[in-house]
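**Student:** With the sequence up front, the predicted model follows.
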Amino acid sequence: MKKNTLLLAILLPLASIIAQSSTTIDRKVNNLLAKMTLEEKIGQMNQYNGFWNFTGPSPKGGDAAYKYQNLASGKVGSMLNVRGVKQVKEVQKIAVEQSRLGIPLIIGFDLIHGYETVSPIPLAESASWDIAAIEKSAALGAKEASAAGINWTFAPMVDITRDARWGRVMEGAGEDPYLGSLIAAARVRGFQGENLDDIHSIAACAKHFAAYGFAEGGRDYNTVDIGLNTLHNIVLPPFKAAADAGVKTFMNSFNDLNGIPATADRYLQREILKEEWGFDGFVVSDWGSLREMIDHGYAKDRKHAGELALNGGSDMDMESYIYLDYIETLLKEGKVSQAQIDDAVARILRVKFELGLFEDPYKYCDEEREKTVIGSKEILDGALDMAKKSIVLLKNEKQTLPLKKEGQKIALIGPLAADKNSPLGNWRIAAADNSAVSVLEGLNAYKGNAITHEQGVKLVNKIPAGFHEEVDINTTDRAGMEEAVAAAKEADVVVMVLGEYGFQSGEGRSRAHLDLPGFQQELLEKVHAVNSNIVLVVMNGRPLVLNWAAENIPAIVEAWHLGTQSGHAIAQVLYGDYNPSGKLPMSFPRSVGQMPLYYNQKSTGRPGADGEDAGSVFWSHYGDERNSALFPFGYGLSYTSFDYSDIRLSDNKMNRDGSITAQVDVTNSGKIDGKEVVQLYLYDHHASATRPTRELKGFKLIELKAGETKTVEFKIDQERLKFYNGAQKWEAEPGDFSLYIGTDSTTKRRADFVLQ
Ligand code: NOJ
């Protein structure tokens, strides 16, 4: 009681300070709005790309003079891809000192996984299931980027992804809405910090609203057609979590959703986001997505696109220049309203006030800070820590791993083994090319073994597609294979580093094949023929088909694209200085034909037992492939082993407003300390809308010393059982439930209860 009173005594004044400061900001916004001309208001709704980097096709190239002139006349509210204190200061100075009202720019940037220091790709970080570490990684990224003048990131990408063919799976948290929601909120907290006007905080952006991850066939920018059930239960939860965590901006998406381009989708942007969720930040379009509505066949021309986008709830136009050209005419014609314009501008100004840009437009422009923060030890150490936590051990037989530290002859083979570029992955705009620690360098930091290195399959330079040097895994030249096989023959152990080069995933990088590109599979089999003591390190931005390796190679390490510190992280795992604990955030398929593949599938009216002869062909399956994943969602091994007790339920009946608890004892039954992600899945047997046969609804990352046992407890209440039901409401429905607790999404450890 006393505690509560004390808490209230602290919280009440705090709440009133927050309320006051938001009313103060509202007042400031309204005062400024009252002074603005229509042209200046429209200017705030216009975002230009910088003069140097491009992250999409540009309609006017680097027309610097035009942009400079518009900055000076208050026709620009934001710029993206302007980075580094010098560049940011240059454009900010024009906006602040030359435009009539001196409204500062908000400077956006794709800080997707680190700035100059690159952390693991977001999909890899998600494999850590370590929410605190992910939040910290985002915070370190914000710290580095804010020191370079950036105050707004186009992240987190919170699109749920079920199709590994889509190149952008690397940017998100994988296939699960529960894990995805926790990670979305963590990244928002990391970027925005406790106070948005802190010098290390930047505004975050939940993208791509919505359902971009459901592009048909995994082909980027493709159409999306999903029902309300999937939209609300699977796609929207991470967006809602980001909104609840206070994310300041949303970005809409390139795709059309059920026939309407997301950029013009009133239902999504106005009804759900701004009205139902009460989001008071602003929505930026995706790059040129206003203009693209013409190609979608939805807008008849640019002017019409402007009308549709503003009516649909897009507040800022990224790189289409359409609002700038047409809003005034549209207003005169009564096709858009003054209230819509004022609302959009107020939202944009509010975020600028909250960032403290009006008080000091140059607050992120301190050259000294830029020098000391970028690449600092704190940030490099953070990147290494996150990289180790992101690694997933997929297979480890015959105690192949960890490697012995001395007296071994190691053949290090593969096109990615010494590559210093690929580990950076895609979306690392500010990082220097070839700035990652390679696996070769990481292993060489350990002195006790003799290492011979052979590429086996060479990398080739590609014509730069963007503004980075790109390499590709060659598909025509087998030179180097013989040398690799010869080195393998001489070795005690072979470490092979295979997978996708750094730009093989990401935007515009969809693939129709999910196997190891080029001659890598052939190389793997040839090496295996002479020495089967192989550790396969896979570097990739998406789940790959690894059937042959899973059957024939004794140890497989999923190492994604782990960023700047990649090689050190991998070496520390291979040598056992770090015991891996990552778990897959996306299912790894057996065949590309299984796409889309995800663990939280529905039963169908013709369910069957995967891998068993169902006695007929008339059930939901493939005649030539199993239904299940090769490596399922939530899967990942450790150098130690964990035993689980049966589940203990506090009750097998739960009242609507009550709760029950489920407990298991988890024992580290191996010889070394380790971490385990204990996962809780729920199954609602019958409901007013069909439900997945299991859904992640909780997990705990625990550390156990060798021999130690811990009891893990989950509380189940109505909140965990709610879903978007047949009546289109978020409700828990009475009936039979099962819960599963275990080491991955296929666990059979089960207990049943009834919600009364
Ligand atoms: C297009 C991408 O879809 C989006 O994610 C990104 O933020 C913008 N380009 C800006 O680079």
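**Tutor:** On my side now, so go ahead. Numbering: from 1, shown residues only.
**Student:** in the chain, which ranges drop under the pLDDT threshold?
**Tutor:** 1-20, 52-55, 57-63, 463-469 (pLDDT under 70).
**Student:** and if we set it to 80?
**Tutor:** 1-22, 51-66, 461-471, 611-615 (pLDDT under 80).
**Student:** Might you enumerate the residues of it proximal to the ligand?
**Tutor:** Residues of the chain found near the ligand (C-beta under 6 Å from any ligand atom) are 55, 56, 80, 110, 154, 207, 286, 287, 507. C-beta: built from backbone N, CA, C; applies to glycine.
**Student:** which of those has the most neighbours?
**Tutor:** For the residues of the chain next to the ligand, the largest number of neighbours (other C-beta atoms under 10 Å) sits with residue 207, at 27 neighbours.
**Student:** Which secondary structure element is home to it?
**Tutor:** Using DSSP states H and E, residue 207 maps to strand 205-209.
**Student:** cool, residue 30 as well?
**Tutor:** helix 2-35.
**Student:** Thought residue 166 was touching residue 512, still the case?
**Tutor:** No: with contact defined as C-beta atoms under 8 Å, residue 512 does not reach residue 166; the gap is 11.3 Å.
**Student:** Could I get the contacting residues of the residue nearest to the spatial centre of the chain?
**Tutor:** Closest to where the C-alpha atoms of the chain average out (C-alpha atoms, centre = their mean) is residue 172, at 2.2 Å. By C-beta atoms under 8 Å, 6 or more residues apart in numbering, the contact set of residue 172 is 122, 123, 126, 156, 157, 158, 159, 160, 161, 180, 213.
**Student:** Can you name the element that comes right after the helix holding residue 30?
**Tutor:** Helix 2-35 is succeeded, C-terminally, by helix 38-44 (DSSP H and E).
**Student:** which of the residues in that following helix are buried?
**Tutor:** Across helix 38-44, burial judged by 16 or more other C-beta atoms under 10 Å covers 40, 41, 42, 43, 44.
**Student:** can you check stretch 360-378 too?
**Tutor:** Result for stretch 360-378 [16+ other C-beta under 10 Å]: buried residues 361, 363, 364, 365, 366, 369, 370, 373, 374, 376.
**Student:** Please look at the first one and residue 96 and confirm they touch.
**Tutor:** Which is residue 361. Yes: Residue 361 is within contact range of residue 96, at 4.8 Å (criterion: C-beta under 8 Å).
**Student:** Find residues that contact each of these two.
**Tutor:** Common contacts of residue 361 and residue 96, defined by C-beta under 8 Å, 6+ apart, comprise residue 104.
**Student:** Residue of the stretch 301-450 of the chain closest to the ligand, please.
**Tutor:** Evaluated by C-beta to the nearest ligand atom, the stretch 301-450 of the chain has residue 318 as its residue closest to the ligand, separated by 6.7 Å.
**Student:** quick one on the thing from earlier: between residue 512 and residue 166, which one's more packed in?
**Tutor:** The neighbour comparison of residue 512 against residue 166 (other C-beta under 10 Å) goes to residue 166, with 29 against 10.
**Student:** That one - nearest residue in space that isn't next to it in sequence?
**Tutor:** residue 218 (4.0 Å; C-beta to C-beta, 6 or more residues apart in numbering).
**Student:** give the contact list for the one you found.
**Tutor:** Residue 218 makes contacts with 163, 164, 165, 166, 510, 511, 595, 596, as judged by C-beta under 8 Å, 6+ apart.
**Student:** Name the pair among those residues with the greatest separation in space.
**Tutor:** 511 and 596 (14.2 Å; C-beta to C-beta).
**Student:** who does residue 493 bridge with?
**Tutor:** Residues in a beta bridge with residue 493, per DSSP bridges, are residue 410.
**Student:** That one: neighbour count?
**Tutor:** Residues near residue 493, counting by other C-beta under 10 Å: 22.
**Student:** Check whether residue 711 sits in a helix, strand or coil.
**Tutor:** Classification of residue 711 by DSSP: H, G, I helix; E, B strand; the rest coil places it in strand.
**Student:** Please apply the same query to residue 680.
**Tutor:** strand.
**Student:** same check, this time on residue 348
**Tutor:** Here residue 348 is helix, with the state taken from three-state DSSP.
**Student:** Please verify my assumption that it contacts residue 77.
**Tutor:** Yes: with contact defined as C-beta under 8 Å, residue 348 reaches residue 77; the gap is 5.7 Å.
**Student:** Show me whatever sits in contact with both of these two.
**Tutor:** Residues touching both residue 348 and residue 77 by C-beta under 8 Å, 6+ apart: 44, 45, 106, 316.
**Student:** farthest-separated two in these?
**Tutor:** Pairwise across these, and taking C-beta to C-beta, the largest span is found between 45 and 106, at 11.9 Å.
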